[in-house]
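*Asks:* Just a sequence and a predicted model for now, questions to come.
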Amino acid sequence: MKCIITGGNVKALGKAVHSLSRIGDEVYIQPLKEGLSLRAVNASHSAYACFLFAPLFFQHYAPGESGPIPDAGPVRCKVFMKSFLAVFRSLSLLEKTVEKCIISLHFCDSRLRVQLHCKYGVVKTHDLSFQECESLQAVFDTEQCTQNLRAPPRLLVDAVVHFPLTLAEVTMGASPGGKLTFRSYLEEVTEAGQAMVTELCLSEDEFQVFHVQQETQITFCLKEFRGLLSFAESSNLPINIHFGIPGRPAIFTLEDPLLEVHLVLATLAEPDGDSSQMTNCTPKAIVPAYDFTNDDIDAYMIAMETTCAGGEGACPSPSTDPRDLDSNHEETVPGTPPQKKFRSFFFGSVLNQSQTLLYSGSGQEVLAEDSEGES
């Protein structure tokens with residue numbers, strides 16, 4: 001794989017890496033015929049992001065047919081986010097000095113090479129170690145979401161700027177009457193009088209599309225959402241928001257002839273017997289703590305993350321026992337959101353064809369085949 005990025009697109013790539021750095025500790029790189037895919041998932045498995053750069057984004061784009069092993073399928077690898085981010089650390093420096101960026105994969109020594117061709121003939125070469133892995137893929141369908149919004153990025157940026165950076169989650173409420181609210185979500189407060197709750201309202205007139213069928217209130221991670229807003233603002237692309245009932249994932253998308261962006265966030269499920277009510281712009285009692293125990297993101301998110309078998313240097317599969325594929329397994333995961341219980345909706349290994357037949361024959365339900373393309 002080899003691609004060449006020139007001009008302002010170098011900074012756009014850097015902004016995408018900065019946005020992904022708010023999601024996870026690793027970036028998954030997969031060159032496809034449709035373009036170069038960069039993906040990430042957070043530690044608590046509640047957020048997934050994908051940037052797909054079309055071939056027109058590059059001055060030259062050669063994805064390559066397969067890896068070093070013939071008939072092994074498309075190239076898939078992952079690198080540490082900190083290493084990849086360090087290459088694009090200073091966005092202002094990229095814009096002022098870098099004229100061309102060349103990214104290539106070298107399988108002989110398992111290196112991802114990023115070369116920055118700067119002014120005055122200066123060339124900066126970064127060789128990053130990578131691991132071959134299976135694809136990280138999210139399965140979702142925006143057509144199944146009953147609520148759809150589209151807004152200019154500046155509108156949402158100005159809305160979330162009022163919330164403190166330490167706030168983990170925000171609650172968004174929508175009403176068919178043409179009102180959208182953002183409200184601070186506080187999980188546990190010992191003394192309600194010491195809590196500061198911020199809430200603001202946006203009217204339907206400020207949106208390009210406002211399609212809401214029923215009053216809905218969803219709570220999602222704010223940190224990852226800020227990362228998408230930052231990229232959308234720099235690229236001046238409107239944000240499409242697709243969501244449904246609480247507990248089902250919210251999908252945020254950006255579309256352009258040169259790139260596609262998807263951000264999928266888990267939402268908090270409301271307690272049993274509680275109806276979804278849109279918040280008003282008046283003070284109200286702090287709602288009880290929610291958890292992700294009953295989230296339904298399993299139906300949308302399937303990720304496969306293993307390194308290729310063989311060789312002492314290969315990274316072992318996180319899961320080798322078929323029992324570990326149980327999507328109802330609960331675990332407490334640190335990270336964002338803090339200390340909540342999640343159902344494990346990311347599989348630990350990939351089933352090959354023989355394993356698929358084995359499990360299907362023994363009553364083990366196969367939820368999804370290995371996907372090599374985009375959702």
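*Replies:* Good, I have the coordinates.
*Asks:* Could you list the low-confidence segments of the stretch 201-350 of the chain?
*Replies:* Applying pLDDT under 70 to the stretch 201-350 of the chain flags residues 271-350.
*Asks:* For whichever strand or helix holds residue 124, enumerate the helices and strands it packs against.
*Replies:* Residue 124 is located in strand 123-129, with elements delineated by DSSP states H and E. Here strand 123-129 touches strand 77-80, helix 81-87, strand 111-118, going by 3 or more C-beta pairs under 8 Å, 6 or more residues apart in numbering; DSSP states H and E. No exception for glycine: its C-beta is placed from N, CA and C like everyone else's.
*Asks:* Could you list the buried residues of the first one?
*Replies:* Put plainly, it is strand 77-80. 77-79 (16 or more other C-beta atoms under 10 Å).
*Asks:* mean confidence for it?
*Replies:* For strand 77-80, mean pLDDT rounds to 90.
*Asks:* what about the closest residue to residue 124 other than its chain neighbours, neighbour count?
*Replies:* Among residues not flanking residue 124 along the chain, residue 116 sits closest, at 4.3 Å (C-beta to C-beta, 6 or more residues apart in numbering). Per other C-beta atoms under 10 Å, the neighbour tally for residue 116 reads 21.
*Asks:* Verify the stated contact: residue 116 with residue 123.
*Replies:* Yes. Residue 116 is in contact with residue 123 according to C-beta atoms under 8 Å; the separation is 7.1 Å.
*Asks:* quick revisit: how about residues contacting the strand holding residue 124?
*Replies:* Strand 123-129 is touched from outside by 79-80, 83-84, 86-87, 110-118, with contacts defined as C-beta atoms under 8 Å, 6 or more residues apart in numbering.
*Asks:* got it, and stretch 10-25?
*Replies:* Defining contact as C-beta under 8 Å, 6+ apart, one finds that stretch 10-25 is touched by 5, 27, 38-43, 47-49, 51, 53, 57, 80-82, 84-85, 87-88, 91, 94-95, 98, 100-101, 116, 223-224, 226-228, 230-231, 234-235, 259, 261.
*Asks:* buried stuff in it?
*Replies:* By 16+ other C-beta under 10 Å, the buried positions in stretch 10-25 come out as 10-24.
*Asks:* In strands, which of the residues you listed fall?
*Replies:* The strands in this structure, assigned by DSSP state E, contain none of the buried residues of stretch 10-25.
*Asks:* For the stretch 101-250 of the chain, just list every one of the helices.
*Replies:* 153-160, 222-235 (DSSP state H, counting those that start in this stretch).
*Asks:* out of those helices, nearest to residue 176?
*Replies:* helix 153-160 (19.6 Å; C-beta to C-beta).
*Asks:* one step back: how much space separates the residue nearest to residue 124 from residue 256?
*Replies:* 24 Å (C-beta to C-beta, to the nearest Å).
*Asks:* List only buried entries from the contacts of stretch 10-25.
*Replies:* Neighbour-count burial (16+ other C-beta under 10 Å) is assigned, among these, to 5, 27, 38-42, 47-49, 51, 53, 57, 81, 84, 87-88, 91, 94, 98, 100-101, 116, 223-224, 226-228, 230-231, 234-235, 259, 261.
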